[in-house]
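> Below are the sequence and a predicted model for it; my questions follow.
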Amino acid sequence: MPLTLRAARTPTPRPRLRALTTLASVSLLAVLVSLVPLAATSGSAAFAESATAPSGGLARAAASAEPFLAGERYRGSFPDPTVMRLGSTYYASGTTVANLNLPLMTSTDLRTWRPRPALAHYDRYSSWKRYNDAMPHKPAWAATRGVRQKVKLMSMWAPSLAKVGDHYLAAYSAAVRLSPRHSCIGIASSASPLGLYRDPSSTPLVCYRPAALGAIDPDIFVDPRTGKAYLLWKDEGVHNTHPPRLVIRQLDATGTRFAAGSAKRLLVTRDQAWEGSVVENPSMVYHGGRYYLLYSGNSWRTARYGVGYAICKSPAGPCRKPTRTPLLASGGAISGPGGADALVDEGGRLRMVYAAWKAGRVGPTGTNIRSMYTASLAADRSGKLRVTSRG
């Protein structure tokens with residue numbers, strides 16, 4: 001079978017590669033593209049996505065010159081990161097990069113990250129021996145944005161990794177329709193933190209039909225006080241009805257379905273000037289006797305994007321925002337920080353992984369990328385947070 005790369009149809013394709021001079025070189029390029037992951041990208045990897053992004057702008061797509069290679073240090077594009085700690089090892093995933101449905105990498109210090117090893121049976125999916133997708137089987141309900149050898153690719157945004165019981169979960173949002181984009185949320189499970197993650201469901205766990213863009217940005221929170229698991233997510237705004245809002249609902253013991261008798265609860269909505277028209281990317285953590293809810297505000301494509309937070313009385317709220325300014329905003333070498341995920345590190349310290357543009361290189365154009373950083377946080381006696389290190 002010839003090695004081919006078929007991209008999903010989109011009204012706004014990426015710029016074409018420079019024309020090659022001979023038919024033979026064109027054929028060679030097609031083979032190489034199908035064998036090796038293309039440069040890491042935000043949002044759509046090697047395939048362009050023309051659907052509207054959560055903040056009402058262009059799709060989350062920006063090319064990176066750094067490939068996502070199994071076992072090698074990675075410092076390229078990694079938007080909307082999530083981190084799960086198991087003992088002294090940290091597992092990270094993020095919005096699709098390198099033509100992978102679920103990119104996954106590990107670290108022991110939150111500084112040096114390496115993509116997961118190649119799949120033992122890589123040949124079931126690809127002829128490339130270093131193929132390392134942690135979720136090569138997309139769910140039946142997710143739209144196919146392209147096919148790479150034996151793998152159907154979905155348009156996945158902002159996953160969340162967590163351990164519930166004796167298994168590991170990856171919550172994710174994916175397009176059920178590519179143009180115009182409409183997203184829903186599913187939860188995949190695995191016996192290993194490295195995958196393979198699978199979601200056998202024929203329908204999504206969460207959809208929000210009233211909003212044109214649907215539901216995105218899931219976060220799984222396991223309350224260390226009770227052991228109960230919850231799913232947080234963003235309901236997109238509905239014109240003339242309500243702005244974007246962050247909500248939560250309790251999960252059952254498996255973490256893959258909602259608990260019987262549970263109901264969706266509102267946590268926060270857009271109500272501060274710095275947030276613009278957007279709140280998104282909820283992340284809950286329990287630390288120092290308090291429940292903290294991190295979130296992002298404003299447009300991810302700009303330097304106005306930032307990270308805010310609220311303090312909640314319980315996982316289901318009520319929540320209050322203790323300040324009128326972002327916890328983390330543009331400054332120094334970074335711009336537009338956001339898509340944050342909170343965690344407690346091995347030493348018991350409160351940390352926050354997030355993605356940001358480099359200062360002066362903001363927006364999904366050219367080779368601009370959003371790389372992952374790890375910040376350190378501290379709280380005063382009243383519970384107000386401050387950033388002690390931007391990472």
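Noted; the coordinates are in hand.
> Where do the strands of the stretch 101-250 of the chain begin and end?
104-107, 114-115, 146-148, 151-153, 156-164, 167-178, 181-190, 215-222, 229-235, 245-250 (DSSP state E, counting those that start in this stretch).
> Any chance of a markdown table for the ones you listed, columns mean pLDDT?
Formatted as a markdown table, these follow (pLDDT from 0 to 100):
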| stretch | mean pLDDT |
| --- | --- |
| strand 104-107 | 98 |
| strand 114-115 | 98 |
| strand 146-148 | 94 |
| strand 151-153 | 96 |
| strand 156-164 | 97 |
| strand 167-178 | 97 |
| strand 181-190 | 98 |
| strand 215-222 | 98 |
| strand 229-235 | 98 |
| strand 245-250 | 98 |
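> Thought A158 was touching T96, still the case?
No: counting by CB atoms under 8 Å, T96 stays clear of A158, with 9.9 Å between them. The way it works is simple: take the backbone N, C-alpha and C, and place the C-beta from them, glycine included.
> So between these two, which is more surrounded?
T96 (35 against 31; other CB atoms under 10 Å).
> which non-adjacent residue is nearest the residue most central in space within the chain?
For the chain, A158 is the residue whose C-alpha lies nearest the centre (CA atoms, centre = their mean; 1.9 Å). For A158, ignoring the flanking residues on the chain, the nearest one in space by CB to CB, 6 or more residues apart in numbering is D80 at 3.9 Å.
> how deep is the one you found tucked in, by neighbour count?
32.
> Same question for P243.
16.
> again with N240
N240, neighbours per other CB under 10 Å, totals 5.
> if I pick it, what's in contact with it?
By CB atoms under 8 Å, 6 or more residues apart in numbering, the contact list for N240 is empty.
> gap between it and T112?
From N240 over to T112 the distance is 49 Å, taken as CB to CB, to the nearest Å.
> what do you get for D223?
31 Å.
> Between those two, which has more neighbouring residues?
A direct count of neighbours by other CB under 10 Å for D223 and T112 places D223 higher, at 15 against 12.
> so how far is A260 from V83?
30 Å.
> for Y197, that is, sorry about that
In terms of CB to CB, Y197 sits 25 Å off from A260.
> higher neighbour count, those two?
Taking neighbours as other CB under 10 Å, Y197 and A260 compare with Y197 leading, 27 against 7.
> Go ahead and confirm the more buried one touches I187.
No: if you go by CB under 8 Å, Y197 and I187 don't touch, sitting 9.2 Å apart.
> Common neighbours of the two, please.
Common neighbours of Y197 and I187 (CB under 8 Å, 6+ apart) are L169, A170.
> Now E275: phi and psi?
Note on E275: its backbone torsions stand at phi -70, psi -10 [degrees, to the nearest 10].
> typo on my end, it should be R111
phi -120, psi -50.
> what pLDDT does it get?
You'll see R111 listed with a pLDDT of 96.
> Look up the closest residue to it, ignoring the ones flanking it.
Nearest non-adjacent residue to R111, counting by CB to CB, 6+ apart: T374, 7.0 Å away.
> Does the one you found lie in a helix or a strand, and which?
strand 370-379 (DSSP states H and E).
> Beyond that strand, next helix or strand please.
strand 385-389.
> separation between M154 and A170?
For M154 relative to A170 (CB to CB), the value is 12 Å.
> chain center to stretch 116-123: distance?
22 Å (CA atoms, centre = their mean, to the nearest Å).
> more neighbours, M154 and A170?
Taking other CB under 10 Å, M154 and A170 do not tie; A170 has more neighbours (30 against 25).
> Please determine how far the more buried one is located from I220.
9 Å.
> Count the neighbours of Y354 for me.
So Y354, with other CB under 10 Å, has 31 neighbours.
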